[in-house]
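A.B. asks: Pasting the sequence and the predicted model now:
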Amino acid sequence: MEAQTEIPGRDADDWRALRTIDAHSPAFAEAFGALLLREKAIDELSLQRSQRAARQSGERFDHVLTKLGLVSEADLCLHLAKFLRIPPLEASDAPLEPPLRDIIPEKFIRANGLLPLMAQGERLVLGVTDPFDLEPVEALAYSTGYQIELRLATPAQFEKAWASLYGARQDGVSLVDCDSRAGEASEFDLQRLRDIANEAPVVRRVNQIVADAIEARASDIHIEPSLEAVQVRYRIDGALRTADTLPPGLKAAIASRIKIMARLDIAERRLPQDGRIKLAIRGVDIDFRVSTLPTAHGESIVLRILDRSQVALDFDTLGFERKTTAQLRKVMRNPNGIVLVTGPTGSGKTTTLYTALKEITTPDVKVFTVEDPIEYQLAGVNQVQVQPAIGLDFPNTLRAILRQDPDVIMIGEIRDGETAKIAIQASLTGHLVFSTLHTNSAAASITRLIDMGVEDYLIASTVKAVLAQRLVRRLCPHCAMPLETREQMRAQFIGEAFATGPERFSSPKGCPQCRNLGYSGRSTIAELLIMNKRMQRLVCENAPDATLEAAAREDGMTTMYHCGMGKAWRGETSIEEVARVTRMD
């Protein structure tokens, strides 16, 4: 039978019509790919790449999309649900108790990725992770006599719901039992701690926390013990969201499991520790940077997620304005000097530096970086991880790098006067140096360097530009609501340089596509201070930050606030979001 690509007139519960679709056929790849293009979930080039990979490998087109990291499992589920006309699984669909537990064998539904959600009358609502594997569904319908109605779930949703319904006690051991024994284990009883952390319920729970975070596109996982509970929070697009609340007895077992994964000392609970984990999460290699810190009620653990598939090293994709990008590229062509990127932790400074290095790295340019830690590996770049414990700190590493005949050096962060002076020395001896500082504005970076003990005339002669940046959340394109601005408010912005094109101020609403957050993804707002002759004179005169910023604005610099308001004017983000990250009302 020739594969069909549409199911016209199919009722939502008529799942047998799915048998007419051959998920391995080019026709399915073409029709589903067309829907993804219409929904702007994928671009034409990525679509062609994934369709070609599906043909060559013989794998299903939808599986190839997630393996290549082109579409997340959550987005794939939503788009497949729309294409197949199967409702997606909602959080409210999960029951408090498993329906028909005495009738439906747990091993059967677990092995086949089925999740009974509700039994009412002769109808059974069933969650499935693979809508094209219908034999188990038909077997369940035959054996129970129920009419089946499907809900499409992601693997992460399935695992979380399964753990909640069936996972309270598995393999004869409960999670709380595991942890009560872990809490009693002494720091000298290493084998007992290790055995508890490697038991199946603990392993499954930690794996589920990690998988859920990846599915939610989180940048960090926070596991925070308190007297009453263990709170699990995800940082999504820069904002923390509570993901789960676990019993307080789980803190020792979960902490021990993560320490084992990060190759840390599981017996040491009194001192902070840092480590790394590398995992393959549903076909994508992901690195995690792990930090543990003793608190009054146990160890606080933070996992920074370093997902290479989610990082686009491209200035346009990162959200930089064309004017800023053009000026920055001109500065990057300097044979020597210092280019600084400033902003608070989590503002995307390292990603910006990686993007710059990617553009200037060619076979005739030797590039070194000194970082703590190395977040992403770049082709053609010599990256060095500092290790202060053995004396390999920033100053010592930089001195060694200068003997390696580099052309370009990237310093992860200028933390002290010694590192700053070596960076100045490197630029004076013909090297182009990139680095970061923690300051609130571009002009404040000059004052910060002076505070570190760098002479003002050296700053004026070596620093070529300072880029200050923040990340603002993008409004979800599926649910953003037009903001009815008052006339006096509109008039306030009309004269501004960013007010080009029609006004499209919008506000967040929330929908399934953005997990009811109203925002999806982040964009960069930035201000670029160019060190021209006027700025050099002001620096040598030890002018205050306000004077430097005023002069830079007169010379054409767009401040972060005005850059953000330009994005708000065009409907890319909200006014409240710009005010939040720039601290301006």
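C.D. replies: Sure thing, it's come through.

A.B. asks: Quickly find the element holding Ser520.
C.D. replies: Applying DSSP states H and E as the criterion places Ser520 in strand 519-530.

A.B. asks: what comes up buried for that strand?
C.D. replies: Taking 16 or more other Cβ atoms under 10 Å as the neighbour-count basis, strand 519-530 is seen to contain the buried residues Tyr519, Ser520, Arg522, Ser523, Thr524, Ile525, Ala526, Glu527, Leu528, Leu529, Ile530. C-beta here means a position set from N, CA and C on the backbone, and glycine is covered the same way.

A.B. asks: Could I have the CA atoms of it written out in CSV?
C.D. replies: This file holds the C-alpha atoms of strand 519-530, laid out as CSV (Å, rounded to 0.1, in the frame of the first residue of the first chain):
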residue,chain,number,x,y,z
TYR,A,519,9.3,33.3,26.3
SER,A,520,11.4,31.0,24.1
GLY,A,521,15.1,31.4,23.7
ARG,A,522,17.3,34.4,24.3
SER,A,523,18.9,37.2,22.3
THR,A,524,21.9,39.5,23.0
ILE,A,525,21.7,43.2,23.7
ALA,A,526,25.0,45.0,23.7
GLU,A,527,26.9,48.3,23.7
LEU,A,528,30.3,48.6,21.9
LEU,A,529,32.7,51.3,23.1
ILE,A,530,35.4,52.0,20.5
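
A.B. asks: Relative to Ala579, which of the buried residues of strand 519-530 is nearest.
C.D. replies: Distance from Ala579 was checked for each of the buried residues of strand 519-530 by Cβ to Cβ. The minimum falls on Ile525, at 11.8 Å.

A.B. asks: Distance from the chain centre to stretch 382-401, please.
C.D. replies: Here the centre of stretch 382-401 is set off from its chain's centre by 28 Å, with Cα atoms, centre = their mean, to the nearest Å.

A.B. asks: I'd like to know how far the residue most central in space within the chain sits from Arg123.
C.D. replies: Computing the C-alpha centroid of the chain and ranking residues by Cα atoms, centre = their mean puts Ser219 first, at 3.7 Å. Taking Cβ to Cβ, to the nearest Å as the measure, Ser219 falls 41 Å from Arg123.

A.B. asks: same question, Leu467
C.D. replies: For Leu467, the distance to Arg123 - Cβ to Cβ - is 59 Å.

A.B. asks: same question, Arg504
C.D. replies: When Arg504 is compared with Arg123 (using Cβ to Cβ), they lie 45 Å apart.

A.B. asks: Also Val408?
C.D. replies: Using Cβ to Cβ, which is the criterion applied here, Val408 is 65 Å from Arg123.

A.B. asks: Pick out whichever of the two has more residues nearby.
C.D. replies: Comparing Val408 with Arg123 by neighbour count (other Cβ atoms under 10 Å), the higher total belongs to Val408, at 22 against 13.

A.B. asks: Contacts only, for that one.
C.D. replies: Remark: with contacts taken as Cβ atoms under 8 Å, 6 or more residues apart in numbering, Val408 is in contact with Leu357, Ile360, Thr361, Val365, Lys366, Val367, Phe368, His431, Leu432, Val433, Phe434.
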